[in-house]
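A.B. asks: 3D, please:
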Amino acid sequence: MTPQKITIIGSGFVGKATGRGFRALGHDVSFVDINTVILESLTKEGFDSCTMGGVCSSDRDIYMVTVMTPTIDDHLDYRFIESAITSLGRVIKKSTHRPIIIIRSTVLPGSIEERFVKILEAESEKKVGVGFDVAMNPEFLRQVHADEDFVHPWIVVLGTNNIETAKVLEELYQPLGAPIVHMTVKEAEMMKYVHNLFNADKIAFFNEMREVGQKIGVDTDKVFQTVIKSAEGSWNHEYGVKNFGPFGGTCLPKDTRAFLTWTYENLHKKLPLLHGVIRSNQNLKDKIYFEE
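C.D. replies: Just a heads-up that it's a prediction; the model follows:
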């Protein structure tokens, strides 16, 4: 393994866990943040750190951006990450080699190539693929267990558009022993959102079913623990992800409609998620019908 000089830009729980993990693997890690209290704490841990303005040094091999990307008024707020990217562009202008800029923050598909690269090129006066490279490396860290999750990942996703960058990042993560999946930058951006949305859908589904179960007096915990063992959508990881079109067959169309109607007529309860599933499936059927 070739030791890398890595700067983590953004020192929240994701940034700190990432930096600590890479230092434990033998890399030279420094931190950048706007929060001086966090930086003082990291300095006590033995890390080099500085405030956002200078991004510390232009001689680093890898700059890993873990700046927060909040949603404001139902839109992703790019202000914080674009401010960091702007500062970073000015730093790599002084670089004498070709650093890799890795986005680890959650950003909408197309953000890196359509927004961030333009900022980096304008500020650095260099071209992507020549003066610097970019990559997307989504994180799957739980806040309470972030340090442990980094050291023991269940999967590593590397979004790159060239082989050289992919090789560097694969070498970076190989010591962790997790499966490594390569894809394009935009695919990795999309993958992180699908990952989060799937988790959100699953939580919402079981919350919706729990309300029904409680209303009719059944033990929902016993029901759900049995469902996650019986339902193919739970134990078969490939179920539902292939491009087989809308669900059909004997059971799913009739049972979704019957349960939705029964709940409304007998329990006077609406199930918006189940209603959306039925409507989404029908819309796909209609689209296929009209395209034929």
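A.B. asks: Tell me which helix or strand residue 212 sits in.
C.D. replies: The secondary structure element spanning residue 212 is helix 185-216 (assigned by DSSP states H and E).
A.B. asks: Sorry, slip of the keys, the one I care about is residue 88.
C.D. replies: helix 79-92.
A.B. asks: mind listing what's buried in that helix?
C.D. replies: By neighbour count, and taking 16 or more other CB atoms under 10 Å as the criterion, the buried residues in helix 79-92 are 80-82, 84-85, 87-92. Just so you know, the C-beta spots here come from the backbone N, C-alpha and C atoms, and that holds for glycine as well.
A.B. asks: who does the helix holding residue 212 touch, helix- and strand-wise?
C.D. replies: Packing contacts for helix 185-216, counted by 3 or more CB pairs under 8 Å, 6 or more residues apart in numbering; DSSP states H and E, involve strand 133-136, strand 156-159, helix 220-230, helix 252-267, helix 272-291.
A.B. asks: Quick one: distance of that helix to the chain centre.
C.D. replies: Its chain's C-alpha centre lies 14 Å from the corresponding centre of helix 185-216 when counted by CA atoms, centre = their mean, to the nearest Å.
A.B. asks: Setting the sequence-adjacent residues aside, check what's closest to residue 169.
C.D. replies: Excluding the flanking residues, the one nearest residue 169 by CB to CB, 6 or more residues apart in numbering is residue 158, at 4.8 Å.
A.B. asks: neighbours around the one you found, how many?
C.D. replies: When counting by other CB atoms under 10 Å, one arrives at 23 neighbours for residue 158.
A.B. asks: For the protein, give me the ranges with low pLDDT.
C.D. replies: Across the chain, residues meeting the criterion (pLDDT under 70) sit at 52-56, 289-292.
A.B. asks: Quick check, central residue of it?
C.D. replies: residue 192 (3.1 Å; CA atoms, centre = their mean).
A.B. asks: Quick one: residues contacting that residue.
C.D. replies: Each residue near residue 192 by CB atoms under 8 Å, 6 or more residues apart in numbering is listed here: 106, 136, 138, 157.
A.B. asks: I'd like the distance between the last one and residue 272.
C.D. replies: When you say that, I think you mean residue 157. Using CB to CB, to the nearest Å, one gets 31 Å for the distance from residue 157 to residue 272.
A.B. asks: These two - which one has more neighbours?
C.D. replies: Of the pair residue 157 and residue 272, residue 157 is the one with more neighbours under other CB under 10 Å, namely 21 against 9.
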